[in-house]
Structures are given as C-alpha cells and as structure tokens.
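**Q** What shape does this take:
(one chain, ligands or ions: 1)
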Amino acid sequence: MLEVSREPIRDLAALDTAHHLHPFADMKELVEGGVRVMTRGEGVYVWDGEGKRYLDAFAGLWCVNVGYGRREITEAVVAQMDALPYYNSFFATTTAPTARLAAEIARLAGPGLSRVFFTNSGSEANDTWLRMARVHWATLGQPDKKIVIARHNAYHGSTVAGASLGGMKHMHEQGDLPIPGIVHIGQPHWYVEGGDLSPEEFGLARARELEEKILELGPERVAAFVAEPVQGTGGIIVPPASYWPEIQRICRKYDILLAVDEVITGFGRLGSWFGFQHYGLTPDFCVIAKGLSSGYQPIAGVIVADRVADVLTNQAGQFHHGFTYSGHPVAAAAALANLRILEEERLVERIRDDIGPYFAERWGSLADHVMVGEAVSTGLLGAVQIVIDKATRTRFSRPHDIGMIVRNFCIMRGVIVRASADRILVSPPFIITREEVDQIVSTLRAVLDYVAAELS
Ligand code: PLP
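**A** Alright, predicted model coming up:
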C-alpha cells in the first residue's frame, strides 16, 4: 500500500487548491477552507491523508456499492490492461468484456430490454437517449415528436442536455438553460409540497400534471418523459405509491417514450436489480452508471427497449453518436467483476430481505427527533428532513445552511453523509453491517441533539 506522510499531504492539498477546479464547488470558499485529500479505502471505510478514518455512508458518490478494496475488480482490470488496454467499438469492432457486459446487463434487465449503448457518464447517457428518442420518432415519420418532459428538482447530469433535463434552478441559471424542447412538471415531493392532500392524492395529482402537459403541447409533439424512480440528488424523494402506475398509464395512452434514470437506483440499491422492476414499470430507456462498476471505473450507458432498438437497428440507418471510450474494455472488465460480486454475494437480495429492512427500521427511528420532519428510506437510501417545527412542517429560513451544519458535524464525527438543502442523505455500500448502520443512525442523532441544544 502507498503510505503518504503528513507533510506531502499538505503539499498536495496546496497543489490541488492552486490548480484543480472542482466540480460543483465555490472555488473561493474551497481555497479558503482547504481540501481533504482521501488516500485509502477498505470495506465501508475511507481514510484521509491525516490518517482519520470515516464510515462512508454515501458510498463515494452513490456508487461504491460493493465497498472499497475489492481485489477481484483490481485483478480483472489489470488482466484486461495486460491483454488489451483499449480498443474502440466504432468500426464494426468490439472487445470480449464489452460484448459480455452488454449481454449481462440485458440478462439482468429482463425481457424486452436486450440492447445497451455504452457511455462514460450518466450525463452522456442522458444525452444519448434524448437523441435516440428523436431519431426514433423521426424514423417513424414523426419528426415533430421531439419535446421531452422532465421534472423540477430532478438531477440528470451536467452536460448541456443533462442539466437541461434536470430541474435544478441553480443549474439553469448558469448558461441559459434549459435548451429548447425540454419542459418541466412538478415533482412528487409530498412532505414539502403536498399541502392538505394525502400522499396518495398528491401522487396522483402530480402524475396527472404529465397528462395536462402532454395535452397542452399536443401528444404528436412529445417524444418522451424522463424521471428518476426515486429522486436522488433532489433529496431522496420517495414517490407516493399512486405515482408511478399513473405515469406508466399516461405514457402508454399517448405513446410517449418512458426514460427512467437509474444512475443511482440501478444495480440493486432499492433491493431489486432496477428501480423499474421495483415499481413494475416497462421503460423504453433505462440510464445506468455508478453501480454498474461500483465506481471502480467510469462506465455508464442506456439500456434500450427492443421496440426502440429495433427501429434504430432496422430502419434508422447510421446513428451519428458515440464516444471514444464507449464500451471501454478495462471499464467493462471492472463492471463484469463488480456484477459477479453482486450476484455471488447475493447483495441485492441482502438489501431486499435483510439489511434493507433493518436499515428502514433504524433510520425510521430518527422520526421521533424534534428536528426531524420525516425520516424516509427505501432499500439502502435514506433521507431525513430537518424542520424547525414538526407540527406545522416549517423549515429553516436558510435550508442550505442548516443542512451543511448537520452534514459537517457528522463528517467531523467520522460519518460521511450528504446534504441536499435541509435534507440529510445516506446511501451506504451494500456490504454495510447492522453495527455500522447503528453507528450512522446514532451519529446523526447525536449531531441533531447537539444542534437542537445549541439553537434552543
Ligand atoms: N442521473 C442521475 C440520477 C444522477 O444521480 C447522476 C449523478 O449523480 C447523473 C445522472 C449524472 O451522472 P454523471 O455524474 O456520471 O454524469
């Protein structure tokens, strides 16, 4: 193992703040506050350059699902690098791991979803299906059927199309987004936006906004609807049970393609291989990334329904789209090794039958805290909504500030969580033990106790 002494770590941090522009960062604040250099990971733990250990309750960035330090993946990567470190899949060529991985993904996705287009990131995968959807309808003689309906407070990535599909106001404010042809409807966030409606009534009302929008625009102009099965970055928003069946009904009725963005939910996080299986949906596109390789290599893609892929394959001619690293053999080898671990260790079943229900019970216990409006979970995703008054569901006037305070205290106490405004999010590795779940919950409770005492 590479040992790094304290002095070079400080130098590294200085080099970083001088030369590295970070994603989603206020660089001025970052330069003033400094960076934490992470040096090592094992199981659910990571270490920084000062030697401090953290329980990573966020699995990196929703991705290190099999945990850190998996030799099987490292060995698969090294073997593929030795055999063939790169080849493209542009000119009627492929590589062994790329072909095998496509087949494995199709097997896990099940009937009707037998084709995969590979990309490097979730953002690119969203760009990819958007172009495919428009080519699909144009090939079928409907070139005007090209508008995509997405949702406020969704996250679909940072490319121009990805950020446009997303519904993050602060992202739209930079760079004149969304691009034309992408419109947004409301999110199914009952706790904050549900008012006097029951969750089921609210779920139906929000789903019916899709129908209203389709009728307003004209079904002959709407290509697709896109959504995350459970919104992740927006705050782990679990939709009411009435929501998804109604969305599926509406998409079928008006012949609108359904794109599910499973960058977070794909490959087991909800206790099913995919969120669309969990919710009983039949998508036309399924966006995959993160959990495909547990973040060990950058690889992502779109699973394409046969009804769309058949048009593309048989009628559309050349699809002028792709990336130098689409289906990269080393990334594909890492993904194959990762999927093997998930299956051999039955980690998806473990979430469904064992650690998921335990996590739900322990996480749900936070709901009795004076600062917690709701503590929701599904599979191994959990969110806590911080409030100033539970009875009236009143939030702090500066939601981002309270969220960051709670998050920072958790990290100081050795548990990495994330804040989405005033919601605290966790998404731990699938290998987490019951004791480690207890540690996450007790750390968050202790931090909330401390903050509540300071505020009173
Ligand atoms: N879609 C969803 C649902 C995501 O959560 C993310 C990233 O967090 C993306 C797309 C973008 O993926 P990437 O960062 O790989 O471009």
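**Q** ok, for the residue of the stretch 351-456 of the chain found nearest the ligand, nearest residue in space, not its chain neighbours?
**A** Of all residues in the stretch 351-456 of the chain, the one sitting closest to the ligand is Ser427 (10.0 Å; Cβ to the nearest ligand atom). Heads up, the C-betas are built off the backbone N, CA and C, glycines and all. Nearest residue to Ser427 in three dimensions, chain neighbours excluded: Trp62, at 4.8 Å (Cβ to Cβ, 6 or more residues apart in numbering).
**Q** Contacts only, for the one you found.
**A** For Trp62, the contacting residues are 232, 263-264, 269, 290-291, 427, by Cβ atoms under 8 Å, 6 or more residues apart in numbering.
**Q** Looking at those residues, spot the one nearest Ala138.
**A** Val263 (26.5 Å; Cβ to Cβ).
**Q** tell me the contacts of that closest one?
**A** With contact set as Cβ under 8 Å, 6+ apart, Val263 has these partners: 62, 122, 125, 157, 228, 232, 287-290, 300.
**Q** need the residues of this structure near the ligand, please.
**A** Within the chain, the positions near the ligand by Cβ under 6 Å from any ligand atom are 121-123, 155-157, 228, 232-233, 261, 263-264, 289, 300.
**Q** Any chance of those residues in a markdown table with secondary structure and pLDDT as columns?
**A** Compiled in a markdown table, those are given as follows (DSSP: H, G, I helix; E, B strand; the rest coil; pLDDT from 0 to 100):
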| residue | secondary structure | pLDDT |
| --- | --- | --- |
| Ser121 | coil | 98 |
| Gly122 | helix | 98 |
| Ser123 | helix | 98 |
| Tyr155 | coil | 98 |
| His156 | coil | 98 |
| Gly157 | coil | 98 |
| Glu228 | coil | 98 |
| Gly232 | coil | 98 |
| Thr233 | coil | 98 |
| Asp261 | strand | 99 |
| Val263 | coil | 98 |
| Ile264 | coil | 98 |
| Ala289 | coil | 98 |
| Ala300 | strand | 99 |
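**Q** Which member of those is positioned nearest the ligand?
**A** Nearest to the ligand among the residues of the chain next to the ligand is Gly122, at 2.4 Å by Cβ to the nearest ligand atom.
**Q** Next up, the contacts around the closest one.
**A** Contacts of Gly122 (Cβ under 8 Å, 6+ apart): 156-157, 162, 261, 263, 287-290, 300.
**Q** element containing the closest residue in space to Gly49 that isn't next to it in sequence, please.
**A** Taking Cβ to Cβ, 6+ apart, and ignoring the residues beside it in sequence, Gly49 has Ile9 as its nearest neighbour in space, at 3.2 Å. Here Ile9 sits within helix 6-19, counting by DSSP states H and E.
**Q** Let me see the mean pLDDT of that helix.
**A** Averaged across helix 6-19, the pLDDT comes to 87.
**Q** Thr313: what secondary structure?
**A** Three-state call for Thr313 (DSSP: H, G, I helix; E, B strand; the rest coil): helix.
**Q** mind checking the SS state of the closest residue to Gly364 other than its chain neighbours?
**A** Nearest residue to Gly364 in three dimensions, chain neighbours excluded: Ala375, at 5.5 Å (Cβ to Cβ, 6+ apart). Classification of Ala375 using three-state DSSP returns strand.
**Q** Ala375 contacts Glu361, correct?
**A** No: between Ala375 and Glu361 there is no contact under Cβ atoms under 8 Å: 10.8 Å.
**Q** Mind exporting the C-alpha coordinates of stretch 71-83 to CSV?
**A** The C-alpha trace of stretch 71-83 is given here as CSV (Å, rounded to 0.1, in the frame of the first residue of the first chain):
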residue,chain,number,x,y,z
ARG,A,71,-9.2,-7.3,-5.2
GLU,A,72,-11.4,-9.2,-7.7
ILE,A,73,-12.1,-5.9,-9.6
THR,A,74,-8.5,-4.8,-9.4
GLU,A,75,-7.3,-8.1,-10.8
ALA,A,76,-9.9,-8.0,-13.6
VAL,A,77,-8.7,-4.5,-14.5
VAL,A,78,-5.0,-5.4,-14.5
ALA,A,79,-5.7,-8.6,-16.6
GLN,A,80,-7.6,-6.6,-19.2
MET,A,81,-5.0,-3.9,-19.3
ASP,A,82,-2.3,-6.5,-20.0
ALA,A,83,-4.4,-8.2,-22.7
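**Q** returning to that earlier point: quick one: contacts for the residue nearest to Gly364?
**A** Ala375 sits next to 363-367, 382-385 when contact means Cβ under 8 Å, 6+ apart.
**Q** Nearest to Phe58, out of those: which one, please.
**A** Nearest member of the contacts of Ala375 to Phe58, counting by Cβ to Cβ, is Gly382, at 10.7 Å.
**Q** which sections of the stretch 101-250 of the chain are below the confidence cut-off?
**A** Along the stretch 101-250 of the chain, no part satisfies pLDDT under 70.
**Q** Scan the protein for its longest helix.
**A** Longest helix of the chain, by residue count under DSSP state H: helix 434-455.
**Q** got the buried residues for it?
**A** Residues of helix 434-455 classed as buried by neighbour count (16 or more other Cβ atoms under 10 Å): 436-437, 439-441, 443-445, 447-448, 451.
**Q** From Asp310, how far out is the closest residue to Gln315 other than its chain neighbours?
**A** Nearest non-adjacent residue to Gln315, counting by Cβ to Cβ, 6+ apart: Thr139, 5.1 Å away. Thr139 is 11 Å from Asp310, where distance means Cβ to Cβ, to the nearest Å.
**Q** again, but for Leu30
**A** For Leu30 relative to Asp310 (Cβ to Cβ), the value is 48 Å.
**Q** do Gly218 as well
**A** On the measure of Cβ to Cβ, Gly218 and Asp310 end up 26 Å apart.
**Q** can you give me the helices in the stretch 101-250 of the chain?
**A** Shown for the stretch 101-250 of the chain, the helices assigned by DSSP state H, counting those that start in this stretch span residues 122-139, 160-165, 169-172, 190-193, 199-217, 243-253.
**Q** Any chance you could list what contacts the third one?
**A** Counting by Cβ under 8 Å, 6+ apart, the neighbours of helix 169-172 from elsewhere in the structure are 158, 163-164, 177-178.
**Q** For it, list every residue counted as buried.
**A** Neighbour counts over helix 169-172 (16+ other Cβ under 10 Å) mark Met171 as buried.
**Q** re the thing from before, neighbours around the residue nearest to Gln315, how many?
**A** When counting by other Cβ atoms under 10 Å, one arrives at 16 neighbours for Thr139.
**Q** got it, and the one 10 residues further on?
**A** Residue crowding around Ile149 was assessed by other Cβ under 10 Å; the count is 22.
**Q** Excluding chain neighbours, what is closest to it?
**A** Ile149's closest residue in space is Phe225 (Cβ to Cβ, 6+ apart), at 4.7 Å.
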